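Undergrad: Sequence and computational prediction follow.
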Amino acid sequence: MNPSRPTTSALPVAAAVHGHVTFLGAGPGDPGLLTLRAVEALASADVLIAEPEVLEVVRTHARAGVDTPQLTIADEASAAAGVPVIRDAANLVMEAARSGRRVVRAVTGDPGLDGNAASEMLACATGGIPFEVVPGVATAVGVPAYAGVPLRGEEGADVRFVDARNASARCWSETGASTGTVVVSATLETVPAACAELVAAGRGADTPLTVTVAGTTTRQRTWNATLGTIAQVFKQGKILPSPEGGRPVIAVVGEPGAAAARREELAWFESKPLFGWRVLVPRTKEQAASLSDQLRSYGAVPHEVPTIAVEPPRTPQQMERAVKGLVTGRYEWIAFTSVNAVKAVREKFEEYGLDARAFAGIKVAAVGEQTAAALVEFGVKPDLVPSGEQSAAGLLEDWPPYDPVFDPIDRVFLPRADIATETLVAGLIELGWEVDDVTAYRTVRASPPPADTREAIKGGGFDAVLFTSSSTVRNLVGIAGKPHNVTVIACIGPATAKTAEEHGLRVDVLSPEPSVGKLAEALAEYGAARREAAREAGEAVSRPSERRPGARRRRTT
């Protein structure tokens, strides 16, 4: 026996197993406000504990399969009474951490300003569970910034923060006696009462006030008033109570004078050209990723609806022969005309145990930037991407003619969809190349979207729809019906616009170039012009869906 090694009996009978807890600030609502450290913590979490409204903000950064226990559940008795049961978050956190897992406890805003988070941290400290705090953008600071309301002017006035939901009479008295800016956390229903408390405590009824609901999200809305007029403003605007019993709002009282007078100019978020627009993108999430990101940058809410589904070719032998020919040196070039084509070849490679090294010695062309990006992800850098128009015609403009002196092989492998046009094949043949035009995948009409999406399409629930090809027009109308006549129709080119008109649609926006990026940009320009026209006419800025005949007033919250 080695005397330096302890015997089994010398080891502890049981060792305490503790995980780790990260108390994480999810910010006021905009997922883009999450910090880099927050994203890192979410990516390594085993358990994610958050209220429903916070969960949607942070879930996308968590790994697949992360455990997300619900804080609000309904037992049989409560369900019968319509009352949800709130589970104790501290117990959930402790239970998960004691099992040795990494726990992320996400809260709205900043955990340092959350009383529940403070008590949960204390429970971890008492229980010997290691934890860390990842600060977030505080709601009381982030929401005014998105509403264009600076909290402090050049004079550097005092700023006070009050939670009206649990403020004491002494708190109101001290706050009302101050002359600085007051940031009040309340609900839409309790704002008038909070303003009355401030007036009763000595604050002037003519003190300027802004109230922002759903701050930092595309549902954000801000009202300007004074402490004495806010109740009347809500009444005139027919601001309806929230069915959930009150959504949180941020009210800024006594904002700096010069800034208050110019809030219209400072409201950068709500003045985005497509702010709050629901835009239908008839593509899959994978295809629409960059387009949807661009639409979000304009303030829109993209909604992806696939209109086609991709399936393997009915006779795979042709594709199998072509891939084998690629390896044995049959081709000088391979041309990819879509992301789906890259995916089809990649899947066939994996089936044969091949990887990107099989492209060695072969020139690779991509029809556009998205297809090129898919190739780079595969490990292949394209030799040719159109310098101009990202289309088959643009690719042909840059494609070199066959030269028997410099090109030892005269054949091109073209993996494509079964419904692809002949433009590229004819152009390559004209340049002297032999083309193996191979069906790599079939495109079929996708299944209809959910009933509520179909109703929104036909009933005017979408503000705009982007058509990126004639087939998207035909397929969307086929699976979901024709968009309502108040919906703005945007088309990528003349051929797509013609197809839309043939289906009885009025085309409002035509992209200046056949590019999805330019199409989104054109829609944003249309939205900006529409917004400016409303302002010049002295009308309230509204979305197209808000003007449909017979539309019922929607709840503000």
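TA: Ah, there it is.

Undergrad: okay but L424 is in contact with E397, surely?
TA: No: L424 is beyond contact range of E397, at 11.6 Å (criterion: C-beta atoms under 8 Å). Where C-beta positions appear, they are placed from N, C-alpha and C, glycine not excepted.

Undergrad: okay, these two: which has more neighbours?
TA: Taking other C-beta atoms under 10 Å, L424 and E397 do not tie; L424 has more neighbours (24 against 12).

Undergrad: Confidence-wise, which helix or strand of the chain is lowest on average?
TA: Sorting the helices and strands of the chain by mean pLDDT, DSSP states H and E puts helix 76-81 at the bottom, at a mean of 50.

Undergrad: what are the ranges of the strands in the stretch 401-550 of the chain?
TA: Residue ranges of the strands in the stretch 401-550 of the chain, as given by DSSP state E, counting those that start in this stretch, are 411-417, 434-445, 464-467, 488-491, 509-510.

Undergrad: can the ones you listed go into a markdown table with extra columns for mean neighbour count and mean pLDDT?
TA: Rendered in a markdown table, the data for these read as follows (neighbours: other C-beta atoms under 10 Å; pLDDT from 0 to 100):
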| stretch | mean neighbour count | mean pLDDT |
| --- | --- | --- |
| strand 411-417 | 22 | 92 |
| strand 434-445 | 18 | 90 |
| strand 464-467 | 27 | 96 |
| strand 488-491 | 25 | 97 |
| strand 509-510 | 18 | 96 |
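
Undergrad: What number of residues are in the vicinity of V253?
TA: By other C-beta under 10 Å, neighbour count at V253 equals 26.

Undergrad: per-residue pLDDT, the nearest residue to it once chain neighbours are set aside?
TA: Counting by C-beta to C-beta, 6 or more residues apart in numbering, the nearest residue to V253 once its immediate chain neighbours are dropped is V182, at 4.2 Å. pLDDT for V182: 92.

Undergrad: residue contacts, V182?
TA: 159-162, 175, 198, 252-254 (C-beta atoms under 8 Å, 6 or more residues apart in numbering).

Undergrad: hmm, try it at 6 Å
TA: The neighbourhood of V182, defined by C-beta atoms under 6 Å, 6 or more residues apart in numbering, consists of 160, 175, 253.

Undergrad: pLDDT wise, what is the first one at?
TA: Looking back up the chat, that one is R160. The model reports R160 with a pLDDT of 91.

Undergrad: same check, this time on R555
TA: The model reports R555 with a pLDDT of 39.

Undergrad: Who is V281 paired with across the strands?
TA: Here V281 shows beta-bridge partners E304, assigned using DSSP bridges.

Undergrad: What's the separation between it and K348?
TA: Separation of V281 from K348 (C-beta to C-beta, to the nearest Å) stands at 29 Å.

Undergrad: And the two? Which one has more around it.
TA: Neighbour count, other C-beta under 10 Å: between V281 and K348, V281 has more, with 25 against 20.

Undergrad: wait, that one sits on P302?
TA: Yes: counting by C-beta atoms under 6 Å, V281 touches P302, with 5.2 Å between them.

Undergrad: Please report the distance of the nearest residue to L33 once chain neighbours are set aside from I429.
TA: Leaving out its chain neighbours, the residue that sits closest to L33 by C-beta to C-beta, 6+ apart is G27, at 3.7 Å. Distance, G27 to I429, using C-beta to C-beta: 57 Å.
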